[in-house]
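J.: Starting from these lines, generate the structure:
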Amino acid sequence: QVRLVESGGGSVQAGGSLRLSCAASGYTASTACMAWFRLAPGKEREGVAFIDSDGVTSYADSVKGRFTISKDNTKNTLYLEMNSLKPEDTAMYYCAADSTYCVSDYLLYNYWGQGTQVTVSS
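T.: Purely as a prediction, here's the structure:
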């Protein structure tokens, strides 16, 4: 049984940093695409960062230069380093896994975590 468990969310002031983690069990993080999505009230789910099986990364324009996605295959864990946080980054952040393609179509990801809340105050 695949399980993805996010942690590391919290409340920070604008300009601050957070590091999210996603521990995977029953799933090998080194295969297929893994990603971070976020969902804010009144907005559509947004794919913010993606990493493929070769470690190639891509980002949404809204976070490019501020967020960094990485994974540790030995720990089967996905990370999202978030710097220079803005109030508009406030959302529930979800770890997603097992998409053949590293794209922002959330329907292509087979496994999801329960989410971790990030709140950025001005």
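J.: residue at max distance from the center of the protein?
T.: The C-alpha centroid of the chain is most remote from residue 122, which lies 22.4 Å away (CA atoms, centre = their mean).
J.: element containing residue 22?
T.: Assessed by DSSP states H and E, residue 22 sits inside strand 18-25.
J.: now for that strand, which elements pack on it?
T.: The contact analysis (3 or more CB pairs under 8 Å, 6 or more residues apart in numbering; DSSP states H and E) places strand 18-25 against strand 3-7, strand 33-39, strand 77-82, strand 91-99, strand 116-121. C-beta coordinates here come from the backbone N, C-alpha and C atoms, glycine included.
J.: Turn those into CSV, columns for mean neighbour count.
T.: Supplementary listing: the helices and strands packed on strand 18-25 in CSV, determined by neighbours: other CB atoms under 10 Å:
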stretch, mean neighbour count
strand 3-7, 17
strand 33-39, 23
strand 77-82, 22
strand 91-99, 22
strand 116-121, 17
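J.: Can you say which of these is nearest to residue 19?
T.: Among the helices and strands packed on strand 18-25, the nearest to residue 19 by CB to CB is strand 77-82 (5.2 Å).
J.: I'd like the average pLDDT over the closest one.
T.: Mean pLDDT, strand 77-82: 97.
J.: Each with direction, which strands does that strand pair with?
T.: strand 18-25 (antiparallel), strand 67-72 (antiparallel) (DSSP bridges).
J.: partner residues bridging the spatially most central residue of the chain?
T.: By CA atoms, centre = their mean, the chain has its centre lying nearest to residue 36, at 2.1 Å. Beta bridges link residue 36 to residue 49, residue 95, judged by DSSP bridges.
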